[in-house]
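K.L.:
Sequence and predicted structure below; questions after.
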Amino acid sequence: MCAFAAGAWLGAAEAPARLVAGGYSPFAISCCMVAGVFLARWTLPVMMRGAGSVVRDLRASPHLMVWAVLAGALWSVANTLTIFAIRDVGLAIAFPLWNTNTLIGIFWGWALFHELRGATLGGWVKVLGGAGAIVSGSVMLSALSVHVMNGAPGQAMRGVAAALGAGVLWGTMYVPYRKAYLTGINPLSFVTIFTFGEVGTMLMVGATLPGSLPALGRELHALRPSLLWLLLGGFCWVIGDLFQQYATKYVGISRAIPLSNTNQLWGFAWGVLVFGEMAQAPASVRLTALAASGLMIAGAMLIAGSAVSSGESQSTVKAVQRECDRYDLDLHQTLRLHAGVEGQEPGASRRRWWDYAIALAAVGVFAWAATEVTVPSLALHLRYAIILTVILFAVLAAGGWLLWKRTGFA
(Lines give C-alpha, C1' and ligand atoms only; values in the text may rest on other atoms or scores of the structure.)
Protein backbone atom coordinates (compact mmCIF):
# COMPACT_ATOMS: atom_id res chain seq x y z
CA MET A 1 0.00 0.00 0.00
CA CYS A 2 2.86 2.37 0.80
CA ALA A 3 4.46 1.63 -2.57
CA PHE A 4 1.25 2.27 -4.50
CA ALA A 5 0.67 5.53 -2.59
CA ALA A 6 4.26 6.51 -3.37
CA GLY A 7 3.57 5.93 -7.07
CA ALA A 8 0.62 8.34 -7.06
CA TRP A 9 2.48 11.17 -5.32
CA LEU A 10 5.79 10.72 -7.12
CA GLY A 11 3.91 10.79 -10.42
CA ALA A 12 2.22 14.07 -9.56
CA ALA A 13 5.36 15.72 -8.17
CA GLU A 14 6.97 16.06 -11.61
CA ALA A 15 4.01 17.92 -13.11
CA PRO A 16 5.39 21.38 -12.10
CA ALA A 17 8.55 20.55 -14.04
CA ARG A 18 6.52 21.12 -17.21
CA LEU A 19 7.29 24.80 -16.57
CA VAL A 20 10.45 24.24 -18.59
CA ALA A 21 8.17 24.68 -21.59
CA GLY A 22 8.16 28.35 -20.64
CA GLY A 23 11.91 28.60 -21.26
CA TYR A 24 13.16 28.53 -17.67
CA SER A 25 16.52 27.00 -16.82
CA PRO A 26 16.30 23.33 -15.77
CA PHE A 27 18.95 24.04 -13.12
CA ALA A 28 16.87 26.83 -11.58
CA ILE A 29 13.73 24.69 -11.67
CA SER A 30 15.55 21.83 -9.95
CA CYS A 31 16.88 24.25 -7.29
CA CYS A 32 13.35 25.43 -6.51
CA MET A 33 12.08 21.86 -6.26
CA VAL A 34 14.95 20.99 -3.92
CA ALA A 35 13.94 23.94 -1.73
CA GLY A 36 10.43 22.48 -1.49
CA VAL A 37 11.94 19.09 -0.71
CA PHE A 38 14.07 20.62 2.05
CA LEU A 39 11.04 22.25 3.68
CA ALA A 40 9.02 19.05 3.55
CA ARG A 41 11.78 16.73 4.76
CA TRP A 42 12.13 18.75 7.93
CA THR A 43 8.48 19.68 8.50
CA LEU A 44 6.68 16.35 7.99
CA PRO A 45 8.94 14.17 10.19
CA VAL A 46 8.90 16.75 12.97
CA MET A 47 5.10 17.03 12.93
CA MET A 48 4.63 13.25 12.77
CA ARG A 49 7.10 12.21 15.47
CA GLY A 50 8.63 15.31 17.02
CA ALA A 51 12.17 16.62 16.72
CA GLY A 52 13.22 14.76 19.86
CA SER A 53 12.54 11.37 18.28
CA VAL A 54 14.45 12.34 15.16
CA VAL A 55 17.49 13.46 17.18
CA ARG A 56 17.48 10.26 19.24
CA ASP A 57 17.38 8.12 16.10
CA LEU A 58 20.31 9.96 14.57
CA ARG A 59 22.38 9.74 17.74
CA ALA A 60 21.79 5.98 17.79
CA SER A 61 22.91 5.60 14.15
CA PRO A 62 25.64 8.20 13.47
CA HIS A 63 27.25 5.89 10.89
CA LEU A 64 24.26 6.39 8.58
CA MET A 65 24.63 10.16 8.25
CA VAL A 66 27.24 9.97 5.48
CA TRP A 67 25.03 7.51 3.59
CA ALA A 68 22.06 9.85 3.88
CA VAL A 69 24.12 12.76 2.49
CA LEU A 70 25.28 10.54 -0.39
CA ALA A 71 21.68 9.55 -1.18
CA GLY A 72 20.67 13.22 -1.23
CA ALA A 73 23.49 14.06 -3.62
CA LEU A 74 22.41 11.30 -6.02
CA TRP A 75 18.81 12.51 -5.82
CA SER A 76 19.69 16.09 -6.74
CA VAL A 77 21.65 15.15 -9.85
CA ALA A 78 18.98 12.65 -10.93
CA ASN A 79 16.21 15.22 -10.43
CA THR A 80 18.08 17.76 -12.58
CA LEU A 81 18.42 15.18 -15.35
CA THR A 82 14.66 14.57 -15.23
CA ILE A 83 14.03 18.26 -15.90
CA PHE A 84 16.10 18.03 -19.07
CA ALA A 85 14.30 14.83 -20.04
CA ILE A 86 10.86 16.37 -19.54
CA ARG A 87 11.89 19.39 -21.59
CA ASP A 88 13.11 17.26 -24.49
CA VAL A 89 10.61 14.38 -24.64
CA GLY A 90 7.79 15.26 -22.22
CA LEU A 91 6.43 13.60 -19.09
CA ALA A 92 4.66 10.76 -20.87
CA ILE A 93 7.88 9.45 -22.46
CA ALA A 94 10.45 10.48 -19.83
CA PHE A 95 8.70 8.95 -16.81
CA PRO A 96 8.81 5.31 -17.97
CA LEU A 97 12.39 5.68 -19.17
CA TRP A 98 13.83 6.81 -15.85
CA ASN A 99 11.81 4.07 -14.16
CA THR A 100 14.35 1.63 -15.53
CA ASN A 101 15.78 2.28 -12.06
CA THR A 102 13.82 -0.89 -11.22
CA LEU A 103 16.54 -2.97 -12.90
CA ILE A 104 19.35 -1.03 -11.22
CA GLY A 105 17.68 -1.39 -7.83
CA ILE A 106 17.16 -5.13 -8.26
CA PHE A 107 20.80 -5.58 -9.17
CA TRP A 108 22.05 -3.67 -6.12
CA GLY A 109 19.58 -5.44 -3.84
CA TRP A 110 20.88 -8.82 -5.05
CA ALA A 111 24.57 -7.85 -5.13
CA LEU A 112 24.84 -5.98 -1.83
CA PHE A 113 21.95 -6.98 0.45
CA HIS A 114 21.30 -10.66 -0.34
CA GLU A 115 17.85 -9.93 -1.78
CA LEU A 116 16.52 -12.76 -3.96
CA ARG A 117 19.25 -15.06 -2.58
CA GLY A 118 17.51 -18.33 -1.82
CA ALA A 119 14.50 -17.37 -3.96
CA THR A 120 12.57 -20.19 -5.65
CA LEU A 121 12.80 -20.93 -9.37
CA GLY A 122 9.37 -19.39 -9.84
CA GLY A 123 10.55 -16.23 -8.12
CA TRP A 124 13.54 -15.92 -10.42
CA VAL A 125 11.34 -16.53 -13.49
CA LYS A 126 9.08 -13.67 -12.41
CA VAL A 127 12.03 -11.37 -11.78
CA LEU A 128 13.75 -12.12 -15.11
CA GLY A 129 10.46 -12.01 -17.05
CA GLY A 130 9.57 -8.69 -15.46
CA ALA A 131 13.01 -7.31 -16.24
CA GLY A 132 12.59 -8.32 -19.88
CA ALA A 133 9.23 -6.55 -20.05
CA ILE A 134 10.72 -3.37 -18.58
CA VAL A 135 13.58 -3.34 -21.09
CA SER A 136 11.17 -3.99 -24.00
CA GLY A 137 8.89 -1.16 -22.94
CA SER A 138 11.77 1.29 -22.56
CA VAL A 139 13.06 0.42 -26.04
CA MET A 140 9.59 1.03 -27.51
CA LEU A 141 9.31 4.41 -25.80
CA SER A 142 12.78 5.45 -26.90
CA ALA A 143 11.83 4.73 -30.52
CA LEU A 144 8.54 6.64 -30.14
CA SER A 145 10.24 9.73 -28.71
CA VAL A 146 11.36 10.84 -32.18
CA HIS A 147 7.74 10.83 -33.39
CA VAL A 148 6.61 12.75 -30.32
CA MET A 149 9.25 15.43 -30.95
CA ASN A 150 8.08 15.83 -34.55
CA GLY A 151 11.26 14.69 -36.22
CA ALA A 152 13.87 16.22 -33.92
CA PRO A 153 16.04 13.13 -33.32
CA GLY A 154 18.92 15.01 -31.67
CA GLN A 155 16.68 16.59 -29.04
CA ALA A 156 14.82 13.31 -28.53
CA MET A 157 18.02 11.34 -27.98
CA ARG A 158 19.26 13.92 -25.46
CA GLY A 159 15.99 13.54 -23.56
CA VAL A 160 16.22 9.74 -23.66
CA ALA A 161 19.83 9.84 -22.41
CA ALA A 162 18.90 12.21 -19.56
CA ALA A 163 15.98 10.00 -18.50
CA LEU A 164 18.07 6.82 -18.55
CA GLY A 165 20.86 8.57 -16.62
CA ALA A 166 18.34 9.61 -13.98
CA GLY A 167 17.20 5.99 -13.77
CA VAL A 168 20.75 4.80 -13.07
CA LEU A 169 21.25 7.38 -10.31
CA TRP A 170 17.85 6.79 -8.70
CA GLY A 171 18.37 3.03 -8.79
CA THR A 172 21.72 3.48 -7.05
CA MET A 173 20.21 5.90 -4.54
CA TYR A 174 18.37 2.97 -2.95
CA VAL A 175 21.66 1.47 -1.77
CA PRO A 176 21.92 3.98 1.14
CA TYR A 177 18.18 3.54 1.76
CA ARG A 178 18.41 -0.21 2.16
CA LYS A 179 21.62 0.01 4.17
CA ALA A 180 19.87 2.34 6.59
CA TYR A 181 16.76 0.26 7.04
CA LEU A 182 18.61 -3.01 7.55
CA THR A 183 19.88 -1.43 10.76
CA GLY A 184 16.44 -0.21 11.73
CA ILE A 185 16.52 3.58 11.55
CA ASN A 186 13.14 5.23 11.17
CA PRO A 187 12.57 6.55 7.62
CA LEU A 188 11.33 9.85 9.00
CA SER A 189 14.67 10.40 10.73
CA PHE A 190 16.84 9.27 7.83
CA VAL A 191 15.34 11.75 5.37
CA THR A 192 16.16 14.78 7.50
CA ILE A 193 19.92 14.27 6.96
CA PHE A 194 19.19 13.40 3.35
CA THR A 195 18.40 17.09 2.76
CA PHE A 196 21.97 18.28 3.34
CA GLY A 197 23.23 16.18 0.45
CA GLU A 198 20.38 17.44 -1.75
CA VAL A 199 20.82 21.13 -1.05
CA GLY A 200 24.63 21.13 -1.10
CA THR A 201 24.85 19.20 -4.36
CA MET A 202 22.15 21.26 -6.03
CA LEU A 203 23.85 24.55 -5.13
CA MET A 204 27.16 23.24 -6.47
CA VAL A 205 25.63 21.92 -9.70
CA GLY A 206 23.44 24.97 -10.21
CA ALA A 207 26.29 27.42 -9.66
CA THR A 208 28.88 25.52 -11.73
CA LEU A 209 27.24 24.12 -14.84
CA PRO A 210 25.11 27.11 -15.99
CA GLY A 211 28.03 29.51 -15.48
CA SER A 212 28.14 31.15 -12.05
CA LEU A 213 26.25 31.65 -8.80
CA PRO A 214 25.07 35.19 -9.79
CA ALA A 215 23.70 33.76 -13.05
CA LEU A 216 21.79 31.15 -11.08
CA GLY A 217 20.47 33.91 -8.82
CA ARG A 218 19.11 35.83 -11.81
CA GLU A 219 17.39 32.71 -13.11
CA LEU A 220 15.85 32.05 -9.72
CA HIS A 221 14.58 35.63 -9.55
CA ALA A 222 12.91 35.18 -12.93
CA LEU A 223 11.12 32.10 -11.54
CA ARG A 224 9.50 33.92 -8.61
CA PRO A 225 6.01 33.98 -10.21
CA SER A 226 6.18 30.18 -10.50
CA LEU A 227 8.07 29.47 -7.27
CA LEU A 228 5.00 28.27 -5.36
CA TRP A 229 4.24 25.55 -7.90
CA LEU A 230 7.80 24.25 -7.79
CA LEU A 231 7.89 24.29 -3.98
CA LEU A 232 4.65 22.30 -4.01
CA GLY A 233 6.20 19.90 -6.50
CA GLY A 234 9.08 19.27 -4.10
CA PHE A 235 6.65 18.89 -1.20
CA CYS A 236 4.59 16.34 -3.16
CA TRP A 237 7.77 14.45 -3.98
CA VAL A 238 8.62 14.10 -0.29
CA ILE A 239 5.16 12.72 0.54
CA GLY A 240 5.66 10.09 -2.16
CA ASP A 241 9.24 9.46 -1.06
CA LEU A 242 8.23 8.91 2.57
CA PHE A 243 5.75 6.25 1.45
CA GLN A 244 8.50 4.74 -0.70
CA GLN A 245 10.93 4.78 2.23
CA TYR A 246 8.52 2.75 4.35
CA ALA A 247 7.96 0.36 1.44
CA THR A 248 11.73 -0.10 1.06
CA LYS A 249 12.05 -0.71 4.79
CA TYR A 250 9.39 -3.42 4.94
CA VAL A 251 9.62 -5.25 1.59
CA GLY A 252 13.10 -4.38 0.29
CA ILE A 253 14.43 -2.72 -2.85
CA SER A 254 13.49 -5.53 -5.22
CA ARG A 255 9.78 -5.16 -4.52
CA ALA A 256 9.35 -1.58 -3.33
CA ILE A 257 10.82 0.02 -6.45
CA PRO A 258 8.74 -1.94 -8.99
CA LEU A 259 5.51 -1.24 -7.11
CA SER A 260 6.22 2.46 -6.57
CA ASN A 261 7.15 2.76 -10.24
CA THR A 262 3.46 2.71 -11.03
CA ASN A 263 4.19 6.46 -10.84
CA GLN A 264 4.81 6.30 -14.59
CA LEU A 265 1.10 5.73 -15.23
CA TRP A 266 0.36 8.80 -13.13
CA GLY A 267 3.02 10.71 -15.05
CA PHE A 268 1.45 9.52 -18.30
CA ALA A 269 -1.97 10.71 -17.10
CA TRP A 270 -0.69 14.15 -16.07
CA GLY A 271 1.29 14.55 -19.28
CA VAL A 272 -1.42 13.45 -21.71
CA LEU A 273 -4.64 14.52 -19.94
CA VAL A 274 -3.56 17.73 -18.18
CA PHE A 275 -0.76 19.09 -20.39
CA GLY A 276 -1.96 17.73 -23.73
CA GLU A 277 1.27 15.94 -24.60
CA MET A 278 1.03 13.82 -27.76
CA ALA A 279 -1.98 15.87 -28.87
CA GLN A 280 -0.39 16.28 -32.30
CA ALA A 281 0.83 12.69 -32.49
CA PRO A 282 -1.15 10.09 -34.48
CA ALA A 283 -3.54 7.89 -32.49
CA SER A 284 -1.35 4.88 -33.20
CA VAL A 285 1.63 6.58 -31.51
CA ARG A 286 -0.42 7.47 -28.43
CA LEU A 287 -1.76 3.93 -28.13
CA THR A 288 1.71 2.45 -28.58
CA ALA A 289 3.11 4.74 -25.88
CA LEU A 290 0.35 3.68 -23.47
CA ALA A 291 0.95 0.02 -24.33
CA ALA A 292 4.70 0.38 -23.75
CA SER A 293 4.11 2.04 -20.38
CA GLY A 294 1.62 -0.70 -19.48
CA LEU A 295 4.17 -3.36 -20.48
CA MET A 296 6.73 -1.84 -18.13
CA ILE A 297 4.16 -1.72 -15.32
CA ALA A 298 3.25 -5.37 -15.95
CA GLY A 299 6.93 -6.29 -15.74
CA ALA A 300 7.34 -4.37 -12.51
CA MET A 301 4.26 -6.03 -11.00
CA LEU A 302 5.54 -9.45 -12.04
CA ILE A 303 8.78 -8.75 -10.16
CA ALA A 304 6.96 -7.43 -7.10
CA GLY A 305 4.64 -10.46 -7.08
CA SER A 306 7.47 -12.94 -6.52
CA ALA A 307 6.86 -14.28 -3.03
CA VAL A 308 9.60 -14.10 -0.40
CA SER A 309 10.79 -17.63 0.35
CA SER A 310 12.19 -18.81 3.68
CA GLY A 311 15.64 -19.01 2.08
CA GLU A 312 15.43 -15.37 1.04
CA SER A 313 14.33 -14.35 4.53
CA GLN A 314 17.37 -16.11 5.98
CA SER A 315 19.58 -14.23 3.52
CA THR A 316 18.11 -10.96 4.77
CA VAL A 317 18.97 -11.90 8.34
CA LYS A 318 22.55 -12.55 7.19
CA ALA A 319 22.65 -9.06 5.66
CA VAL A 320 21.43 -7.57 8.95
CA GLN A 321 24.06 -9.61 10.82
CA ARG A 322 26.76 -8.21 8.55
CA GLU A 323 25.68 -4.63 9.24
CA CYS A 324 25.57 -5.31 12.98
CA ASP A 325 29.07 -6.75 12.93
CA ARG A 326 30.36 -3.80 10.92
CA TYR A 327 28.88 -1.10 13.17
CA ASP A 328 28.86 -2.96 16.52
CA LEU A 329 25.05 -3.13 16.84
CA ASP A 330 22.90 -5.52 18.84
CA LEU A 331 21.48 -8.12 16.43
CA HIS A 332 18.22 -8.86 18.27
CA GLN A 333 17.37 -5.20 18.80
CA THR A 334 18.25 -4.42 15.17
CA LEU A 335 16.01 -7.24 13.91
CA ARG A 336 13.14 -5.84 16.01
CA LEU A 337 13.65 -2.39 14.52
CA HIS A 338 14.02 -3.85 11.02
CA ALA A 339 10.66 -5.58 11.43
CA GLY A 340 9.01 -2.37 12.62
CA VAL A 341 8.72 -3.43 16.27
CA GLU A 342 9.85 -0.16 17.79
CA GLY A 343 9.66 0.58 21.48
CA GLN A 344 8.09 3.94 22.26
CA GLU A 345 10.23 5.95 24.65
CA PRO A 346 8.52 8.04 27.35
CA GLY A 347 7.67 11.42 25.94
CA ALA A 348 8.82 10.40 22.46
CA SER A 349 5.72 11.80 20.81
CA ARG A 350 5.63 14.99 22.87
CA ARG A 351 5.79 18.14 20.79
CA ARG A 352 8.06 21.00 21.81
CA TRP A 353 7.77 24.65 20.91
CA TRP A 354 10.49 24.34 18.27
CA ASP A 355 8.48 21.64 16.47
CA TYR A 356 5.71 24.15 15.89
CA ALA A 357 8.24 26.86 15.02
CA ILE A 358 9.66 24.66 12.24
CA ALA A 359 6.17 24.06 10.85
CA LEU A 360 5.28 27.77 11.00
CA ALA A 361 8.53 28.71 9.23
CA ALA A 362 7.68 26.32 6.38
CA VAL A 363 4.14 27.71 6.14
CA GLY A 364 5.62 31.21 6.05
CA VAL A 365 7.82 30.35 3.08
CA PHE A 366 4.85 28.97 1.15
CA ALA A 367 2.74 32.02 2.07
CA TRP A 368 5.50 34.34 0.85
CA ALA A 369 5.74 32.43 -2.44
CA ALA A 370 1.96 32.64 -2.83
CA THR A 371 2.02 36.45 -2.76
CA GLU A 372 3.62 36.62 -6.21
CA VAL A 373 2.30 33.43 -7.79
CA THR A 374 0.78 33.50 -11.27
CA VAL A 375 -0.90 30.82 -13.34
CA PRO A 376 1.64 29.42 -15.84
CA SER A 377 1.04 30.33 -19.46
CA LEU A 378 0.64 26.71 -20.48
CA ALA A 379 -2.25 24.88 -22.07
CA LEU A 380 -3.85 23.13 -19.09
CA HIS A 381 -6.97 21.00 -18.86
CA LEU A 382 -8.13 22.02 -15.40
CA ARG A 383 -10.92 19.46 -15.20
CA TYR A 384 -8.48 16.57 -15.43
CA ALA A 385 -6.07 18.32 -13.05
CA ILE A 386 -8.82 18.59 -10.41
CA ILE A 387 -9.85 14.94 -10.86
CA LEU A 388 -6.27 13.70 -10.50
CA THR A 389 -5.70 15.93 -7.45
CA VAL A 390 -8.82 14.57 -5.70
CA ILE A 391 -7.63 11.00 -6.35
CA LEU A 392 -4.21 11.98 -5.04
CA PHE A 393 -5.54 13.13 -1.67
CA ALA A 394 -7.80 10.08 -1.38
CA VAL A 395 -4.72 7.86 -1.81
CA LEU A 396 -2.85 9.94 0.78
CA ALA A 397 -5.67 9.55 3.30
CA ALA A 398 -5.96 5.78 2.77
CA GLY A 399 -2.22 5.10 2.78
CA GLY A 400 -1.48 7.40 5.71
CA TRP A 401 -4.29 5.96 7.82
CA LEU A 402 -3.20 2.37 7.17
CA LEU A 403 0.45 3.14 7.87
CA TRP A 404 -0.41 4.89 11.13
CA LYS A 405 -2.77 2.10 12.19
CA ARG A 406 -0.27 -0.70 11.51
CA THR A 407 2.99 0.95 12.58
CA GLY A 408 2.29 4.24 14.36
CA PHE A 409 4.85 5.69 11.88
CA ALA A 410 7.50 3.40 13.42
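P.N.:
Cool, the structure landed.

K.L.:
So what's the residue count around Ala283?
P.N.:
By other Cβ atoms under 10 Å, 8 other residues sit near Ala283. Placement of C-beta: from N, CA and C, glycine included.

K.L.:
helix or strand for Leu188, which one?
P.N.:
Using DSSP states H and E, Leu188 sits in helix 187-208.

K.L.:
Could you check how far the residue nearest the centre of the chain is from Val37?
P.N.:
Centroid-nearest residue in the chain: Asp241, 4.7 Å away (criterion: Cα atoms, centre = their mean). For Asp241, the distance to Val37 (Cβ to Cβ, to the nearest Å) stands at 8 Å.

K.L.:
same thing with Pro258?
P.N.:
Taking Cβ to Cβ, one finds Pro258 at 23 Å from Val37.

K.L.:
Output the below-cut-off pLDDT ranges for the stretch 251-400 of the chain.
P.N.:
307, 338-350 (pLDDT under 70).

K.L.:
Tell me where it has helices.
P.N.:
Per DSSP state H, counting those that start in this stretch, the stretch 251-400 of the chain carries helices over the ranges 253-260, 263-269, 283-304, 310-327, 331-338, 353-370, 382-407.

K.L.:
I'd like those helices laid out as a markdown table, including distance to Leu91.
P.N.:
Converted to a markdown table, those look like this (distance: least, Cβ to Cβ, whole Å):
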| stretch | distance to Leu91 |
| --- | --- |
| helix 253-260 | 17 |
| helix 263-269 | 5 |
| helix 283-304 | 11 |
| helix 310-327 | 35 |
| helix 331-338 | 36 |
| helix 353-370 | 23 |
| helix 382-407 | 12 |
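
K.L.:
Can you tell me which of the ones you listed is nearest to Met48?
P.N.:
With Cβ to Cβ, the closest approach to Met48 among the helices of the stretch 251-400 of the chain belongs to helix 382-407: 8.8 Å.

K.L.:
elements contacting that closest one?
P.N.:
Helix 382-407 makes packing contacts with helix 2-13, helix 227-251, helix 263-269 when contacts are defined by 3 or more Cβ pairs under 8 Å, 6 or more residues apart in numbering; DSSP states H and E.

K.L.:
Surely Pro136 touches Leu295?
P.N.:
For the record, residue 136 is Ser, not Pro. Yes: using Cβ atoms under 8 Å, Ser136 is in contact with Leu295, at 6.1 Å.

K.L.:
okay, these two: which has more neighbours?
P.N.:
Of the pair Ser136 and Leu295, Leu295 is the one with more neighbours under other Cβ under 10 Å, namely 20 against 14.

K.L.:
which residues does that one contact?
P.N.:
133, 136-137, 140 (Cβ atoms under 8 Å, 6 or more residues apart in numbering).

K.L.:
Ranking by neighbours, what's the top pick from the residues you listed?
P.N.:
Gly137 (26 neighbours).

K.L.:
nearest spatial neighbour of it, skipping sequence neighbours?
P.N.:
Take Gly137 and drop its neighbours on the chain: the residue closest to it by Cβ to Cβ, 6 or more residues apart in numbering is Met296, 3.6 Å away.

K.L.:
Kindly report the same for Trp237.
P.N.:
Ala13 (3.7 Å).

K.L.:
you'd agree the one you found is up against Leu230?
P.N.:
No: using Cβ under 8 Å as the test, Ala13 is too far from Leu230 to be in contact (10.3 Å).

K.L.:
out of those two, which sits in the busier spot?
P.N.:
A count of neighbours by other Cβ under 10 Å puts Ala13 above the other of Ala13 and Leu230, at 27 against 24.

K.L.:
okay, now the closest residue to Gly90 other than its chain neighbours: neighbour count?
P.N.:
When the adjacent residues along the chain are set aside, Gly90 lies closest to Glu277, with 4.4 Å between them (Cβ to Cβ, 6+ apart). When neighbours are defined as other Cβ under 10 Å, Glu277 has 22 of them.

K.L.:
Which parts of stretch 107-114 count as buried, going by neighbours?
P.N.:
For stretch 107-114, the neighbour count (16 or more other Cβ atoms under 10 Å) marks 107-110, 113-114 as buried.

K.L.:
tell me the most buried of the helices and strands packed on helix 382-407?
P.N.:
Ranked by mean neighbour count, those are led by helix 2-13 with a mean of 26 (mean count of other Cβ atoms under 10 Å).

K.L.:
Not counting that one itself, show me its contacts.
P.N.:
Identification of contacts with helix 2-13 by Cβ under 8 Å, 6+ apart yields 95, 233-234, 236-237, 239-241, 243-244, 246-247, 250-251, 255-256, 259-267, 269-270, 304, 388-389, 391-392, 395-396, 398-400, 403.

K.L.:
orientation of it relative to helix 227-251 in degrees?
P.N.:
For helix 2-13 against helix 227-251, the angle by axes from the mean of the first three to the mean of the last three Cα atoms, to 10 degrees is 160 degrees.

K.L.:
Show me what the mean pLDDT comes to for the helix or strand following helix 2-13.
P.N.:
Next helix or strand after helix 2-13 toward the C-terminus (DSSP H and E): helix 26-49. Mean pLDDT, helix 26-49: 84.

K.L.:
Taking their axis directions, helix 26-49 and helix 353-370 sit at what angle?
P.N.:
Between helix 26-49 and helix 353-370, the angle comes out at 150 degrees (the same axes, to 10 degrees).

K.L.:
Determine the set of other helices and strands touching helix 26-49.
P.N.:
Counting contacts by 3+ Cβ pairs under 8 Å, 6+ apart, helix 26-49 packs against helix 65-89, helix 187-208, helix 213-222, helix 227-251, helix 353-370.

K.L.:
Now find how far off-centre it is within its chain.
P.N.:
Offset of helix 26-49 from its chain centre (Cα atoms, centre = their mean, to the nearest Å): 12 Å.

K.L.:
mind listing what the residue lying closest to Ala256 once chain neighbours are set aside touches?
P.N.:
Using Cβ to Cβ, 6+ apart and skipping the chain neighbours, the partner closest in space to Ala256 is Ala247 (3.8 Å). Contact partners of Ala247, counting by Cβ under 8 Å, 6+ apart, are 2-3, 6, 255-256, 259-260.

K.L.:
can you rerun that using 10 Å?
P.N.:
1-7, 187, 253, 255-257, 259-260, 304, 403 (Cβ atoms under 10 Å, 6 or more residues apart in numbering).

K.L.:
for Gly400, same thing?
P.N.:
By Cβ under 10 Å, 6+ apart, Gly400 lies in contact with 1-2, 5, 48, 239, 242-243, 409.
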